[in-house]
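Participant: fold the following and give me the result.
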Amino acid sequence: MNQYPSPGPGDPWQQPRQDPSTGWNPAPEYGALEPYGSPGGGYVPAPTGPAAGSVEEPLLSTIGDIAITRNTVITPGGRFPIRGTVWTVTDMSRTESNIPVWAIIVAILFIWACLLSLLFLLVKDRKTTGHIQVTVQGHGHYHAASIPAAHPGLGAQINQQVNYARSLAA
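Facilitator: Numbering: from 1, shown residues only. Model prediction:
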């Protein structure tokens, strides 16, 4: 008795073997599969330079994973013209300020030695959490980038970058 079902004639492993030279290779822009003995270790990436005959524009700014050139917006979803795009910034970050635990402990331990130890309670610890969302839409494309807020001034910096992109889009 066999525990495996008998394969049918339409199953892929029952198909006749194909010539290995006509095997699967990804599209040319992704590179090519090479044998493991090759110096690339089995995968040779495609060249990343500009195509022959094209002029590559320099990047003017990057906002998260959105890159901006003078005439183009480059997102992971594709490239499209910057002229006529709509940019939106939503700041969802917040900065909290509290007294650190070590300052409270020092103030309690030295309260009898000197009343100046109460000055330790004036120490503040600031922590910024959240993210800033930047969206760009236009020409049938929409992309949203979420940038983690690392410091309180990051919102103003991203607003300046988006205002620059808006000036290029006008």
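Participant: other SSEs contacting the longest helix belonging to the chain?
Facilitator: If each helix of the chain is counted by residues according to DSSP state H, the longest one is helix 154-169. Where contact means 3 or more CB pairs under 8 Å, 6 or more residues apart in numbering; DSSP states H and E, helix 154-169 is packed against strand 61-63, strand 66-68, strand 86-98, strand 125-138. For every residue, glycine as well, the C-beta is placed using N, CA and C.
Participant: quick one: mean pLDDT over it.
Facilitator: For helix 154-169, mean pLDDT is 92.
Participant: contacts for it, please.
Facilitator: With contacts defined as CB atoms under 8 Å, 6 or more residues apart in numbering, helix 154-169 is touched by 60-61, 63, 68, 70, 73, 82-87, 89, 91, 93, 128, 132, 134, 136, 138, 147, 149.
Participant: for ChimeraX, write a command that selects the buried ones of the residues you listed.
Facilitator: The buried residues among these can be selected in ChimeraX (16 or more other CB atoms under 10 Å) with this line:
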select :63,68,73,82,85,87,89,91,93,128,132,134,136,138,147,149
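Participant: hang on, V89 packs against V134?
Facilitator: Yes: V89 lies in contact with V134 (CB atoms under 8 Å); the separation is 5.6 Å.
Participant: low-confidence stretches in the chain?
Facilitator: 1-55 (pLDDT under 70).
Participant: contacting residues for T88?
Facilitator: Residues in contact with T88 (CB under 8 Å, 6+ apart) are Q133, V134, T135, V136.
Participant: from A107, how far out is it?
Facilitator: Using CB to CB, to the nearest Å, T88 is found at 46 Å from A107.
Participant: what does I68 give?
Facilitator: From I68 to A107 the distance is 50 Å (CB to CB).
Participant: then D125?
Facilitator: Taking CB to CB, one finds D125 at 14 Å from A107.
Participant: with neighbour numbers in mind, choose between the two.
Facilitator: Counted by other CB atoms under 10 Å, D125 and A107 do not tie: A107 has more neighbours, with 18 against 12.
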